[in-house]
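>>> My questions are about this predicted structure, shown below with the sequence.
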Amino acid sequence: MADPSPAKSMGDPGITPLSPSHTQTDTDQVQSQLSFVVVVAIDFGTTSSGYAYAFTKEPECIHTMRRWEGGDPGVSNQKTPTTILLTPDRKFHSFGYAARDFYHDLDPSESKQWLYLEKFKMKLHTTANLSIDTDLHAANGKRVKALDIFAYALAFFKEQALKELSDQTGSEFDNNDVRWVITVPAIWKMPAKQFMREAAYKSGLVSHENPEQLIIALEPEAASIYCRKLRLHQMVDLGTQSSQNGFNPPDNIGSGMTQAKEHVRRNRQSRTFLVENVIGELWSELEEGDRYVVVDCGGGTVDLTVHQIRLPEGHLKELYKASGGPYGSIGIDYEFEKLLCKIFGQDFIDQFKVKRPAAWVDLMIAFESRKRAAAPDRTNPLNINLPFSFIDYYKKFRGHSVEHALRKSNVDFVKWSSQGMLRMSPDAMNSLFKPTIDHIIQHLTELFEKPEVSDIKFLFLVGGFAESPLLQHAVQNMLQGRSRIIIPHDVGLTILKGAVLFGLDPSVIKVRRSPLTYGVGVLNRFVEGKHPQEKLLVKDGTRWCTDVFDTFIAADQSVALGEMVKRSYTPAKPSQQVIVIHVYCSEKESVGFISESGVRKCGTLRLDVSGTESTAPRREIQTLMQFGDTEIRAMAVDVSTGRTVKSSIDFLSH
């Protein structure tokens with residue numbers, strides 16, 4: 001039996017398109033540079049976050065934020081952990097190291113009342129029907145509105161950045177002089193990007209009246225923009241340290257990165273990076289049409305983008321839609337948690353996390369610093385401190401010691417050391433990395449099999465997880481010298497600096513690929529033999545076919561910046577005040593009807609036509625939609641009066 005018509009069941013009057021579908025480019029419509037004094041980019045990461053800025057008068061000077069109070073030994077603190085603490089009455093208390101340290105020092109009975117959240121950004125990627133009302137869980141199990149948490153975090157960065165700008169310029173810095181840039185993974189769907197924008201409105205970062213003040217940057221794109229500027233002394237080229245006689249010198253990866261870290265450490269006192277206005281030496285080897293891949297390995301997601309260079313300006317063109325998945329470094333934390341459950345029992349770990357939330361955070365911090373010491377050639381074991389309250393609580397809970405649990409558990413590569421530590425063999429640690437790295441390698445292998453991804457000259461490995469020698473080693477083995485692997489020295493700040501450059505010139509990426517097919521459901525004249533009978537609708541004697549998918553843009557179609565899709569609609573009734581058009585999307589490239597499998601309603605286009613009444617028998621509302629940017633935008637005009645119609649496109653309300 002055929003599916004019932006979605007349009008009929010939704011009470012959708014079925015809009016009739018007045019004009020044939022066509023796309024046109026209005027390049028002059030690309031917004032001209034607005035007059036901002038400074039661009040501030042916020043890299044809101046899954047595990048750590050930070051900001052950087054540049055004054056528009058000195059675009060080659062990128063300043064990274066001040067040093068953070070706190071910080072972990074052996075972990076660079078140019079960014080701060082994405083952790084947030086709310087008081088028991090749900091007011092914002094602190095963010096980053098400050099939140100973590102304060103929470104750590106609370107008495108266990110008190111800490112249960114406070115709301116502590118970490119690694120919450122992934123919720124925007126993993127929630128299928130994300131909405132303004134989506135909840136998050138704090139460490140004590142209590143629920144909080146995700147929008148509030150994201151808004152608190154952005155308000156924190158706004159305050160920090162404006163304070164630093166005021167100190168630097170010697171007078172109160174006005175938020176209206178700032179263009180804000182927020183980075184998001186390229187594989188995020190439209191609702192998640194819109195959610196970030198809504199959080200920015202709520203935080204007071206920008207206002208609804210001036211949406212242009214905020215731009216959303218895609219993380220691997222930002223990295224790509226920064227990598228164009230790299231000079232030879234600012235990166236490690238794994239390609240030049242390739243194997244000799246098929247044998248990898250074991251120290252090649254490690255030593256290159258060690259030198260790089262030393263270089264970054266020496267430069268750490270200065271927080272200003274000079275980005276020379278020239279194209280870096282590496283880039284000068286690229287010729288028109290050369291291709292490269294940026295693999296952004298973050299805490300939550302791994303994001304891959306394929307770009308092609310367009311000379312002489314060095315503009316970038318996206319060759320294949322962004323791909324990737326939730327394969328970031330927090331996957332290793334989950335594996336560690338699974339290992340603890342295997343040794344001590346899932347029931348104990350679940351209970352411990354709720355009853356001693358601050359001690360659980362401490363245990364994961366101890367694991368984090370040891371995780372960074374994992375390497376393919378490591379021979380000595382890694383010791384992880386167990387907090388005293390873990391040992392103590394376990395004894396109360398089970399009636400026997402942690403040591404007894406380890407002996408009984410059959411996990412032979414984890415031993416107990418009398419100093420109160422878990423001793424993990426290097427193989428045990430490497431096995432925690434394996435599932436996550438296997439996902440990344442599988443994804444890269446599939447990507448390199450695509451025809452658009454042949455002859456890749458460079459592979460840029462960026463994001464915090466790119467520092468892992470285990471990941472570097474795996475990527476080297478997979479590529480077998482097919483392309484050079486380049487790792488920028490300050491790999492964790494690559495996206496942040498690129499986002500500042502993107503804010504200074506958003507037009508640098510000229511062509512993008514649409515990740516999905518977008519369109520609307522319309523009524524077309526019914527054609528016997530072509531249209532299915534169950535789609536026939538007779539209205540005032542005219543035979544219509546319902547549910548026809550009118551495609552705006554197809555998946556993986558290339559779209560130029562400023563390219564507009566133009567459509568004209570007419571209100572069903574002359575007195576209608578608002579036209580609401582349902583937007584549908586699909587991963588398939590060609591779609592015939594909105595009722596096909598895999599097609600889902602993903603948003604609404606709302607045209608407010610009140611106040612534009614005209615005497616014309618049929619009112620024509622011309623809609624322009626822009627798909628070449630990082631967000632989808634809509635504009636509309638009433639053709640008979642020439643007046644602008646208030647239009648908005650919403651991907652969050654269901």
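Yep, that arrived. Numbers count the residues shown, from 1 in each chain.

>>> Tell me where the stretch 251-400 of the chain is predicted with low confidence.
Across the stretch 251-400 of the chain, the ranges flagged by pLDDT under 70 are 251-283, 311-313.

>>> Now do the helices in it.
Under the criterion DSSP state H, counting those that start in this stretch, helices of the stretch 251-400 of the chain are mapped to 252-267, 281-284, 330-344, 346-355, 357-371, 388-398.

>>> wait, which of the ones you listed is closest to I509?
If you check each of the helices of the stretch 251-400 of the chain against I509 by CB to CB, helix 281-284 wins as the nearest, at 15.3 Å. All C-beta atoms are positioned from the backbone trio N, CA, C, and that covers glycine.

>>> returning to that earlier point: for I187, find the nearest of the helices of the stretch 251-400 of the chain.
That would be, of these and by CB to CB, helix 330-344, which comes in at 15.4 Å.

>>> Just the buried residues of the closest one, please?
By 16 or more other CB atoms under 10 Å, the buried positions in helix 330-344 come out as 330-333, 335-337, 339-340, 343-344.

>>> Could you check how many residues crowd around K229?
24 (other CB atoms under 10 Å).

>>> is it true that it touches T494?
No: assessed by CB atoms under 8 Å, K229 is found out of contact with T494, at 10.4 Å.

>>> quick one: contacts for the closest residue to E285 other than its chain neighbours?
With CB to CB, 6 or more residues apart in numbering as the criterion, E285 has its nearest non-adjacent residue at 7.7 Å, and that residue is K457. By CB atoms under 8 Å, 6 or more residues apart in numbering, K457 lies in contact with 285-286, 290-292, 483-484.

>>> Next step: those restricted to strands.
Those of these mapping onto strands are 291-292, 484, per DSSP state E.

>>> which one of those residues is nearest T56?
Distances from T56 to the ones in strands among the contacts of K457, taken by CB to CB, are shortest for Y292, at 28.4 Å.

>>> now that closest one, which residues is it bridged with?
Bridge pairing for Y292 (DSSP bridges) gives the partners H307, F458.

>>> what kind of secondary structure is the closest residue to H315 other than its chain neighbours in?
In this structure, H315 finds its nearest non-sequential neighbour in K510, 4.5 Å apart by CB to CB, 6+ apart. Secondary structure for K510, judged by DSSP: H, G, I helix; E, B strand; the rest coil, is strand.

>>> wait, doesn't K510 sit right on G314?
No: using CB under 8 Å, K510 makes no contact with G314, being 10.6 Å away.

>>> okay, now D540: neighbour count?
5.

>>> tally of neighbours for H125?
H125: 19 neighbours (other CB under 10 Å).

>>> er, G562 I mean
17.

>>> Looks like it contacts G628 (just checking).
Yes: counting by CB under 8 Å, G562 does reach G628; the two are 6.1 Å apart.

>>> circling back to that earlier point, now render the ones in strands among the contacts of K457 as TSV, adding neighbour count and distance to E587.
Shown next, in TSV, are those (neighbours: other CB atoms under 10 Å; distance: CB to CB, whole Å):
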residue	neighbour count	distance to E587
R291	20	24
Y292	25	26
R484	19	32
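
>>> from those residues, which is closest to D107?
Nearest to D107 among the ones in strands among the contacts of K457: Y292, at 53.1 Å, using CB to CB.

>>> give the contact list for the nearest residue to T82 once chain neighbours are set aside.
Excluding the flanking residues, the one nearest T82 by CB to CB, 6+ apart is S49, at 4.7 Å. S49 makes contact with 42-43, 79-82, 96, 153, 157, according to CB under 8 Å, 6+ apart.

>>> which one among these gets closest to R356?
Looking across those and measuring by CB to CB, the closest to R356 is P81, at 19.3 Å.

>>> Tell me, how many residues neighbour that closest one?
P81 has 27 nearby residues by other CB under 10 Å.

>>> Skip ahead from the lowest-mean-pLDDT helix or strand in the chain and say which helix or strand is next.
Here the helix or strand of the chain ranked lowest by mean pLDDT, DSSP states H and E is strand 22-25, holding a mean of 42. Toward the C-terminus, strand 22-25 is succeeded by strand 38-44 as the next helix or strand (DSSP states H and E).

>>> strand partners of that following strand, parallel vs antiparallel please.
Here strand 38-44 is paired, per DSSP bridges, with strand 48-55 (antiparallel), strand 178-184 (parallel).

>>> So for the first one, mean pLDDT?
Meaning strand 48-55. Mean pLDDT, strand 48-55: 93.

>>> Local confidence estimate at the nearest residue to E172 once chain neighbours are set aside?
Distances taken as CB to CB, 6+ apart put S166 closest to E172, at 5.5 Å, once the chain neighbours are dropped. Predicted confidence (pLDDT) at S166: the value is 94.

>>> same deal with P6?
The confidence metric pLDDT takes the value 46 at P6.

>>> burial of R407, as a residue count?
Counted with other CB under 10 Å, R407 comes out at 13.

>>> So it versus F352, what's the distance?
Distance of R407 to F352, computed by CB to CB, to the nearest Å: 20 Å.

>>> thinking again about what came up before, can I get the contacts of K457 in TSV with distance to R525?
Shown next, in TSV, are the contacts of K457 (distance: CB to CB, whole Å):
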residue	distance to R525
E285	56
L286	51
D290	48
R291	45
Y292	48
S483	52
R484	57
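
>>> Of the contacts of S49, just the buried ones, PyMOL syntax please.
Selection of buried members from the contacts of S49 for PyMOL, criterion 16+ other CB under 10 Å:
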select buried, resi 42+43+79+80+81+82+96+153+157
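
>>> In the contacts of S49, find the pair that's most separated.
The distance between the two most remote of these (CB to CB) is 14.8 Å, for I42 and P81.
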